[in-house]
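# 3D, please:
(6 chains)
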Protein chains: 6
Amino acid sequence: MRVDGRKKDELRPIHFEINYVKHPEGSVLVNVGDTKVICNASIEERIPPFMRGQGKGWINAEYSMLPRATEQRNIRESSKGKVTGRTMEIQRLIGRALRSIVKLEDLGERTIWIDCDVIQADGGTRTASITGAFVALVLACGKLHHTQKISKFPIENYLAAISVGIDEEHGAILDLNYIEDSKAAVDMNIVMTGTGNLVEIQGTGEEATFSRAQLDQMIDLGEKGIAEIVTKQKEALGDLVNFISANK
Amino acid sequence: MRVDGRKKDELRPIHFEINYVKHPEGSVLVNVGDTKVICNASIEERIPPFMRGQGKGWINAEYSMLPRATEQRNIRESSKGKVTGRTMEIQRLIGRALRSIVKLEDLGERTIWIDCDVIQADGGTRTASITGAFVALVLACGKLHHTQKISKFPIENYLAAISVGIDEEHGAILDLNYIEDSKAAVDMNIVMTGTGNLVEIQGTGEEATFSRAQLDQMIDLGEKGIAEIVTKQKEALGDLVNFISANK
Amino acid sequence: MRVDGRKKDELRPIHFEINYVKHPEGSVLVNVGDTKVICNASIEERIPPFMRGQGKGWINAEYSMLPRATEQRNIRESSKGKVTGRTMEIQRLIGRALRSIVKLEDLGERTIWIDCDVIQADGGTRTASITGAFVALVLACGKLHHTQKISKFPIENYLAAISVGIDEEHGAILDLNYIEDSKAAVDMNIVMTGTGNLVEIQGTGEEATFSRAQLDQMIDLGEKGIAEIVTKQKEALGDLVNFISANK
Amino acid sequence: MRVDGRKKDELRPIHFEINYVKHPEGSVLVNVGDTKVICNASIEERIPPFMRGQGKGWINAEYSMLPRATEQRNIRESSKGKVTGRTMEIQRLIGRALRSIVKLEDLGERTIWIDCDVIQADGGTRTASITGAFVALVLACGKLHHTQKISKFPIENYLAAISVGIDEEHGAILDLNYIEDSKAAVDMNIVMTGTGNLVEIQGTGEEATFSRAQLDQMIDLGEKGIAEIVTKQKEALGDLVNFISANK
Amino acid sequence: MRVDGRKKDELRPIHFEINYVKHPEGSVLVNVGDTKVICNASIEERIPPFMRGQGKGWINAEYSMLPRATEQRNIRESSKGKVTGRTMEIQRLIGRALRSIVKLEDLGERTIWIDCDVIQADGGTRTASITGAFVALVLACGKLHHTQKISKFPIENYLAAISVGIDEEHGAILDLNYIEDSKAAVDMNIVMTGTGNLVEIQGTGEEATFSRAQLDQMIDLGEKGIAEIVTKQKEALGDLVNFISANK
Amino acid sequence: MRVDGRKKDELRPIHFEINYVKHPEGSVLVNVGDTKVICNASIEERIPPFMRGQGKGWINAEYSMLPRATEQRNIRESSKGKVTGRTMEIQRLIGRALRSIVKLEDLGERTIWIDCDVIQADGGTRTASITGAFVALVLACGKLHHTQKISKFPIENYLAAISVGIDEEHGAILDLNYIEDSKAAVDMNIVMTGTGNLVEIQGTGEEATFSRAQLDQMIDLGEKGIAEIVTKQKEALGDLVNFISANK
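Have a look, this model is predicted:
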């Protein structure tokens, strides 16, 4: 039994609140246990300079935490005048992951900005951000499609992410909360598509190492967790799921 | 009749959701019409260098907007690497206003950080921030008092803020939403205590001017609005109101 | 009797030294008591991006203090690498105030940069800056008009500013010097036109509050002071006053 | 046959030039094919604030490229005034990897700074940096041990890193050069110890995905490559290898 | 005859206005032709970290121009968020030059900050700054000595600076104004003591070169000019000259 | 006899390793004693905004040190977020010196970027940078000429630099190493052409002064040293020397 009573391969409750903020083209508040992230997708009718003239779109992600999303208050990055390495790593990961399931040619020459703002943190904020950002992205594409700005729906597959880890007491566990994450010897984030392909895998043993057998156990857990999350995403998206290529 | 059907002296609906985020010592989500602000109060057992050795506490406020709190997405201040002048003005105003009703001697040598994060904006975000920040501050002081870290409750009075303005069509109006604010000839923010004293008044005629008679009408509206808001704050705070000096 | 022997409603001596620096289109050294500010107006034949295509001009203000304008030396903002909140508030105020009495359509698509550099400070530097900046602005418009770059003189009214406050010993007082400002319970800056309309009013009770009666007394003093300052501005401007619309 | 004539599981030639720069406690120029990185280890008799009072040491890494290490000249990060996200990711990775094989308690309260400066780049700069940084670190520890500043040698195991990837033409390949890296569908960096345990694994399909079978093939290649690199590291380190715990 | 009617070896008129700003311990407005610089010396009872524990003082200089000191308005360095290379070069030069004639042991453990703010520029601002800064420095030392904070006067010699150059039309010329400076093939700044020793010499042929014979002519002119400036400094300093060691 | 056994007028051994890095159009590793600098020249087919429309090229230099090029590790300028004054001075000097012997009209509308990266420092890094940068520049021009992008070779003369100084023990000495530089009373850098003309002279007496006689001795030494360095440059450049105008 884990610290919050879950089994080793059990996710925390997941909930999506669709259209959470009124202005963005796509908006969702995602709850993964006590981790809460507002994911907003904004459409900009422009692409960054390095993408021009290719007839393709772009997806860019930004990630931030409210100062008191955590147990201890953090100094705002705007006050520091710079974005930390951790934030940069996370927002690069989110953007890369989303681009892997989007056909950028079908998006047209526009950028979708994904803003993931953590309002309450209890472990797994980067994976919750990817999971929620996917939903916001589909909503925004739905709006583009509905207003006929795009003719082909550019989302090719589902996308979700989850953390797994190795814990001295329980071995491999799924979906670590903050307490578990602090104690874990190995921490791994897995991003997969709705059809079970890997998109990104990042495993780290801070002051520790892990064997290939442990790696395999962690990926097994990740596959199981992501399949369950994708089911929840489908419920939240309703009719929009019909447009996603992998679903056809 | 105003654009949203209100009368000239009518506030938008106000709602406080207490303990919105779990980590902060005081937390509230305040809704003023479609304007939504998370106000968190965090206690730090330290004071800034310029306050040391005076046996007094300090209150510091920070304000930010999610990039897509507004109709158009704004670039994050952390990405720009600096805080804008508008943000600085607002956070200085919030801090100053709160300090006016706190007996800093009774707070002890600690800082209360107030974080106001606008998640959805529809005009009046700075006044909603002050109104909500007051509630978060009282909650945090309640926690200090309950755990006996302070012996005297340091809040001397209620505090709320509202915007008023001059509109070509309706003259003086109370609590401007975004559309009204964009068109107003004069824009004024009023901060008052629960017993009707002024704390801060900032009136601006951008490319316009106003007479003393108009000034008086605006202050009349502000007084009425603030009295109504304070009533709502009392409901939200429940038993804690008994500790506020002005209430005794 | 106040600390420097003045009556409650008495201004400090004001003096304008016209054409103080040789390069700017408009330049004045304004002395308000021991507060000395160089106000330079520079014409740039361009407007900022957000103003393009509207056939209008723009006025932008910057404010700074020499490091040793004050009793204690301040670190330069260029060394800090950023502009403080106080500076931003002041330069936004100066720009906004000046724009309220300029018909931007008559200025043409150009920017007038106003630089207010305080070389010696003794209270009231922001109001002295506005008062001096108005003179520099009129001089620069005079040059534009004289060289026939503009056909209609764009200045519609006089503009001046003064501080007022509440002092424990004297009550409401006009034009606070540094010592008075440090002790005042309430500090208010008033910007008015030459015909007595309000342009901006900013009243603050840092760790204090004030009543409507006190507000009224302060505005009365401000009106009196500004009328006297405008008389001095007219003397300094000489024949140029004939072009100001409010004067016709 | 790959673009440079190598087999799929073949490394590029690796060479270590020990004591390359004279000042650092540990210095090596590592060549992996045409990729050349100067790795310097500097001992500082201080630890960062967050580590104080734990009786442990710390290892911190920084990474940079000369502007013309690459085909196109890059703007210096010092000129931009900020470090890019890519650089931050890499230097966090190097530091984390090195710390995994160091017993920080045995290092004492000091910091070892690792500087990896790429003077010529042809793919795999981050893995070459880890491989070279390990050698520089051991040299620096050798100096500490030789001068009896530490009594126990703090290095517990060998550490090396290599890139693997999936290429449309060849499938899984080992040690990608720049041309291969540009075309690869999947790019993975693997960090392992000398005894075959995983320390870090980062696999990314930019605009692509990969199966578990492909993941397994890539890890197989990585294991083979790292074993060969460790052999080269041992040759370069000479007698110092006797102090490394895993060797005993 | 030069552009302003001077002879080749003729200085522009120099004037010092002592005690120009009231707060600094030493303050002077120096005019060299149309170049005007406010030089303020501020005493801080602290020394920078790298000087601690040596029983010596320090002198630090900062230099800035008002945005419209020049023909074209320059963007403020505080707005840019960084100090330009030119400014850094100049302030390092001023500090170094002043330190060469001060016995830092006799200053005690305190810093004298020298602020040179150019309010009007017409060539030679860096040399005028040094010339004026020397006067401000002596005034500040006079105050330290008068209040008996120091027992020995720490100024060992006079110090002044001047520009010289090579002009196609006139050959070597002394004290270049802005027009001459723009056209000169070679530009040299010379800093010397009151007894004719060199402190600093910086000669530059931007897109040009110069012979040793030309170098000698320029130094001859510089020696003549500096002797004349030192005479003016003595007049300005009055009785304080008696304390300067070189004068005894 | 000096600390390393040299005579007063003796250079340290100089060596140029041509084509040190493979990507740049011109690349050299220059060794002056234990000072080692990588000098890369990169051609960019663009000129900076202030040079546009003049039909001329531009040369821009940047200078940096690896953190551990020196005895003590220095913090990276990219980590500090800004370039120091010393770096700015040096890179401005290198660029200016190179431009003095280039006919910018013959370069065409392109920029040559010179990057001088010190990998090991033992005094004289700025003069070694100029000496090496000249070689890299000629190599890059050779490439432009060979590929017929330019028809006239734009290099008009040789260029080299050396440090000289005044030492208490030996008087004037040539080519100071780090130990000598630390103790020298006067430090001077001289840049000259291959035909003996001065390009730049910068002499500084930090907390010291020097006479004209000493100045003359130092320049004599500089002339001798530079002639010897130019001979070495010619050997390194081989056939390319035939294109340099001064050689014809």
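# Neighbours of A:Ile201, how many?
Other residues near A:Ile201 come to 23 when the count uses other CB atoms under 10 Å in any protein chain shown. Where you see a C-beta, it was placed from the backbone N, CA and C, and this is true even at glycine.
# Can you get me a residue count around the closest residue to it other than its chain neighbours?
Closest residue to A:Ile201 in three dimensions, ignoring its sequence neighbours and counting by CB to CB, 6 or more residues apart in numbering or on different chains: D:Gly203, at 4.6 Å. Residues lying near D:Gly203 (other CB under 10 Å) number 24.
# Thought D:Ala184 was touching D:Gly203, still the case?
No. Contact criterion CB atoms under 8 Å: D:Gly203 and D:Ala184 do not qualify, at 11.1 Å.
# ok, now which residue in chain A is the farthest from the centroid?
Distance to the chain centre peaks in chain A at A:Gly53, reaching 29.1 Å (criterion: CA atoms, centre = their mean).
# Regarding that one, which helix or strand does it belong to?
Under DSSP states H and E, no helix or strand contains A:Gly53.
# Distance-wise, check it relative to chain D.
Taking CB to the nearest CB, to the nearest Å as the measure, A:Gly53 and chain D are separated by 18 Å.
# re earlier: three-state assignment of the residue nearest to A:Ile201?
strand (DSSP: H, G, I helix; E, B strand; the rest coil).
# Is it bridged to anything, and to what?
Beta-bridge partners of D:Gly203, counted by DSSP bridges, are A:Ile201, D:Met188.
# and it, what does it touch?
A:198, A:200-202, D:186-189, D:210, D:215, D:218 (CB atoms under 8 Å, 6 or more residues apart in numbering or on different chains).
# which one of those is nearest chain F?
Within those, proximity to chain F (CB to the nearest CB) peaks at D:Asp187, which comes in at 21.5 Å.
# ok, the closest one - how many residues close by?
21.
# Could you do A:Asp167 as well?
The burial count assigned to A:Asp167 is 18, neighbours taken as other CB under 10 Å.
# That one against A:Ala185, yeah?
Yes. Taking CB under 8 Å as the definition, A:Asp167 is a contact partner of A:Ala185 at 7.2 Å.
# what about chain A, any weak spots by pLDDT?
Scanning chain A for pLDDT under 70 picks out A:247-248.
# What residues does it have near chain F?
By CB under 8 Å from any CB of the partner chain, the residues of chain A that approach chain F are A:Lys82.
# residue ranges of the helices in chain A, please?
A:77-80, A:85-99, A:104-107, A:125-146, A:178-183, A:212-237 (DSSP state H).
# Report whether the first one contacts chain C.
To tie it back to what came earlier, the one meant is helix A:77-80. No. Residues of helix A:77-80 are not located near chain C by CB under 8 Å from any CB, the shortest gap being 10.6 Å.
# and that helix, how far from the chain's centre?
Distance, stretch centre to chain centre, for helix A:77-80: 24 Å (CA atoms, centre = their mean, to the nearest Å).
# Check whether that helix comes near chain D.
No. Contact between helix A:77-80 and chain D is absent, the nearest approach being 11.5 Å (criterion: CB under 8 Å from any CB).
# What lies in contact with that helix?
Contacts for helix A:77-80 (CB under 8 Å, 6+ apart): A:64, A:83-84, A:87, B:62, B:64, B:76-78, B:80, B:82-83, B:87.
# go again using 10 Å as the cut-off
Contacts with helix A:77-80, where a contact means CB atoms under 10 Å, 6 or more residues apart in numbering or on different chains, come from A:64-65, A:67, A:74, A:83-84, A:87, B:62, B:64, B:76-84, B:87, B:91.
# Show the buried residues in those residues.
Among those, those buried by neighbour count (16 or more other CB atoms under 10 Å in any protein chain shown) are A:64-65, A:67, A:83, A:87, B:62, B:64, B:76-78, B:81-83, B:87, B:91.
# Check those residues and tell me the two furthest apart.
Across the buried ones among the contacts of helix A:77-80, the longest distance by CB to CB is 21.3 Å; it joins A:Thr87 and B:Gln91.
# picking that back up, run through the residues that contact the residue farthest from the centre of chain A.
Shown in contact with A:Gly53 (CB under 10 Å, 6+ apart): A:47, A:109.
# now the residue in chain A that chain F sits nearest to: how far from chain D?
Nearest residue of chain A to chain F (CB to the nearest CB) works out as A:Lys82 at 7.2 Å. The gap separating A:Lys82 from chain D is 6 Å, by CB to the nearest CB.
# State the phi and psi torsions of that residue.
Main-chain torsions, A:Lys82, degrees, to the nearest 10: phi -160, psi 160.
# correct me, but it touches B:Arg76?
No. Using CB atoms under 10 Å, A:Lys82 makes no contact with B:Arg76, being 11.8 Å away.
# For the residue nearest the centre of chain A, give its distance to D:Met188.
Nearest to the geometric centre of chain A sits A:Ile130, at 0.7 Å (CA atoms, centre = their mean). Distance from A:Ile130 to D:Met188, counting by CB to CB, to the nearest Å: 19 Å.
# A:Phe210 contacts A:Ala185, correct?
Yes. In this structure, A:Phe210 is within contact of A:Ala185 by CB under 10 Å, at 7.5 Å.
# Common neighbours of these two, please.
Here A:Phe210 and A:Ala185 have A:165-166 as joint contacts, going by CB under 10 Å, 6+ apart.
# out of those two, which sits in the busier spot?
Just comparing A:Phe210 and A:Ala185: by other CB under 10 Å the higher neighbour count belongs to A:Phe210, 23 against 15.
# Leaving out the residues flanking it, which one is nearest to that one?
The shortest distance from A:Phe210 to any non-neighbouring residue, by CB to CB, 6+ apart, is to A:Val186 (4.6 Å).
# Say whether chain D is contacted by stretch A:220-227.
Yes. For a cut-off given as CB under 10 Å from any CB of the partner chain, stretch A:220-227 has contacts with chain D, namely A:220, A:223.
# Could you list the buried residues of that stretch?
A:221-223, A:225-226.
# swap in stretch A:235-248?
By neighbour count with 16+ other CB under 10 Å, stretch A:235-248 contains the buried residues A:236-237, A:240-241, A:243-244, A:246.
# same deal with stretch A:6-17?
Under the neighbour-count criterion of 16+ other CB under 10 Å, stretch A:6-17 has A:6, A:10-12, A:14, A:16 buried.
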